[in-house]
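J.: How does the following fold in three dimensions:
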Amino acid sequence: SDSTPGHRDNFVKLVDEGFYDGLLFHRVIKDFMVQGGDPNSRGAKSGKRLGTGGPGYTIDAEIRSDQLHTKGALSAARQGDNVNPAKKSSGSQFYLVQGKPQSKAQMRKTQRRIQSKSPTFEYTEEQLEVYANLGGTPFLDMDYTVFGYVIAGMDIIDSIAMVKTGRGDRPVEDVIMNMSIIR
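T.: Predicted coordinates:
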């Protein structure tokens, strides 16, 4: 997205370099998200814990109130607030939101929680409709950088989210990615 140029440009650069080719979706949680981009996942033995690898740098947060975790959101993974209070993103790890439909009551509760840290934050009626009808993971809003959205092929993410997983939410059978930029 043009509103998150640091994340966009980094992702495009890594895709163009072939960084992601052969990496795994190493963390999959049905009705939540599918995560990949750990370079340590390439050829990783079954059962190996994954999720700590990256390209050796982080990206400054580009968190925006108009870039939300609706179904199909492309977001940057990051270390937790306790070790990363600036919410800097992983240089390579990302997740694609699957999520599920959210009730108005759930959304009001989420909005109140976000407002405790960002007092001016408020969901628009349109955003509430998208969460109610399409779904997502609103509890991640304003905490992680969303830098794109799936515009076709959401069925593929849904199918990845359905795979059997083992320890650490890693798929029992590897789900390997290969990416290219369509220009």
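J.: hang on, isn't residue 25 packed against residue 177?
T.: Yes: if you go by C-beta atoms under 8 Å, residue 25 and residue 177 touch, sitting 6.4 Å apart. C-betas here are computed from N, CA, C, even on glycine.
J.: Now do the contacts for the residue nearest to residue 72 when sequence neighbours are not counted.
T.: Take residue 72 and drop its neighbours on the chain: the residue closest to it by C-beta to C-beta, 6 or more residues apart in numbering is residue 150, 3.7 Å away. By C-beta atoms under 8 Å, 6 or more residues apart in numbering, the residues touching residue 150 are 72-74, 96, 157.
J.: quick one: which of the residues you listed is nearest residue 40?
T.: Nearest to residue 40 among the contacts of residue 150, counting by C-beta to C-beta, is residue 96 at 19.6 Å.
J.: so which strand or helix has that closest one?
T.: Secondary structure from DSSP states H and E places residue 96 in strand 94-97.
J.: Against which helices or strands is that strand packed?
T.: If you count contacts as 3 or more C-beta pairs under 8 Å, 6 or more residues apart in numbering; DSSP states H and E, strand 94-97 packs onto strand 33-36, strand 73-76.
J.: Mind listing residues that contact that strand?
T.: 11, 27, 32-37, 69-77, 136-137, 140, 150, 157.
J.: what lines up beside it in the sheet?
T.: Using DSSP bridges, the strands paired with strand 94-97 are strand 33-36 (antiparallel), strand 73-76 (antiparallel).
J.: Look at the residue nearest to residue 72 and report its pLDDT.
T.: With respect to pLDDT, residue 150 has a value of 95.
J.: again, but for residue 2
T.: 89.
J.: who are the neighbours in contact with the nearest residue to it once chain neighbours are set aside?
T.: Among residues not flanking residue 2 along the chain, residue 8 sits closest, at 7.2 Å (C-beta to C-beta, 6+ apart). For residue 8, the contacting residues are 1-2, 147-148, by C-beta under 8 Å, 6+ apart.
J.: same deal with residue 50?
T.: Taking C-beta under 8 Å, 6+ apart, one finds 24, 26-27, 38, 40-41, 44, 168, 170 in contact with residue 50.
J.: how much space is there between it and residue 160?
T.: Applying C-beta to C-beta, to the nearest Å, the value for residue 50 to residue 160 is 15 Å.
J.: Next one: residue 102 relative to residue 108, how far apart?
T.: Distance of residue 102 to residue 108, given as C-beta to C-beta: 10 Å.
J.: distance between the helix or strand harbouring residue 106 and the chain's centre?
T.: Here residue 106, judged by DSSP H and E, is contained in helix 104-115. Helix 104-115 has its C-alpha centroid displaced from the chain centroid by 20 Å (C-alpha atoms, centre = their mean, to the nearest Å).
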